[in-house]
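[1] Got a predicted structure plus its sequence, pasted below:
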Amino acid sequence: MTPAARERRQVRTPIMLATAAAWLVLAFGPAPHCSTVLGWALMLAAMMLPVLIAPVRHIHDRSFTHRRARAISLFLAAYGAVWMACGIVLIGIRELIPPAALAMAILPIVVWECSPAKQRCLNRGHAHPELPAFGHAADLGALRFGWTHALWCVGSCWALMFLPMLVSRGHFAVMAAVSVWLFAERLERPMPPRWRVRIPLTMARVIRARVPAPA
């Protein structure tokens with residue numbers, strides 16, 4: 001294993017272990033529905049941690065060894081705070097929707113997913129800023145990166161994250177499907193913002209390229 005691959009594994013492995021733990025709790029534990037604050041936190045860990053591999057690696061690669069854990073923790077704290085605030089808003093909106101209107105609530109989700117604003121947020125989510133290396137400036141840089149990255153993530157993902165909150169039957173399956181979709185979106189390159197139906201296909205092409213052809 002090359003040093004670069006070892007460095008990538010140091011970032012990817014803990015994130016994927018935390019993701020797996022969250023999914024196991026959601027699948028087999030006495031986990032609350034995502035329309036509660038605790039349920040939302042578990043859902044957030046399960047679905048959003050994988051999309052943080054690239055920004056966390058950015059912090060890891062640009063921080064001194066003795067500051068890496070601190071910088072990553074500050075980033076995650078700021079990122080999580082923004083998403084928890086978003087979750088509280090979405091939970092409140094969910095409580096206001098009468099059961100008879102739940103199907104109609106899918107319409108604004110579809111409109112947002114096809115909108116230029118969604119693409120702008122996706123594009124900005126690819127931006128990884130320069131980070132200060134020393135002192136309080138480094139801490140503030142990690143915090144700033146955390147909350148700004150979270151804001152663009154909220155902009156690009158809030159609608160899909162809201163979707164599992166609208167269903168009770170098949171809730172876990174919807175969460176899993178949305179999680180795969182969100183991860184696949186991050187593999188797409190930035191595109192001009194315009195109205196379109198977005199279908200992320202890069203992940204499928206990568207998987208197909210790595211699967212050996214039948215003899």
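    Good, I have the coordinates. Numbers count the residues shown, from 1 in each chain.

[2] what ranges do the helices span in this structure?
    In the chain, the helices defined using DSSP state H lie at 3-28, 37-48, 53-61, 68-96, 106-113, 116-125, 135-162, 171-186, 202-210.

[3] Are there helices or strands packed against the last one, and which ones?
    Other elements packing on helix 202-210 under the criterion 3 or more C-beta pairs under 8 Å, 6 or more residues apart in numbering; DSSP states H and E are helix 171-186. Quick note: C-beta positions are derived from backbone N, CA and C, even for glycine.

[4] Repeat that for the first one.
    For helix 3-28, the packing partners by 3+ C-beta pairs under 8 Å, 6+ apart come out as helix 37-48, helix 53-61, helix 171-186.

[5] swap the cut-off to 10 Å and go again
    Helices and strands touching helix 3-28, by 3 or more C-beta pairs under 10 Å, 6 or more residues apart in numbering; DSSP states H and E, are helix 37-48, helix 53-61, helix 68-96, helix 171-186.

[6] buried set for the third one?
    It refers to helix 68-96. Neighbour-count burial for helix 68-96 flags 68, 71-72, 74-76, 78-80, 82-83, 86-87, 90-91, 94 (criterion: 16 or more other C-beta atoms under 10 Å).

[7] pLDDT (mean, whole number) over that helix?
    For helix 68-96, mean pLDDT rounds to 96.

[8] Show me what that helix is packed against.
    Short answer (3+ C-beta pairs under 10 Å, 6+ apart): helix 68-96 packs on helix 3-28, helix 37-48, helix 53-61, helix 135-162.

[9] for the first one, same thing?
    Under the contact criterion of 3+ C-beta pairs under 10 Å, 6+ apart, helix 37-48 touches helix 3-28, helix 68-96, helix 135-162, helix 171-186.
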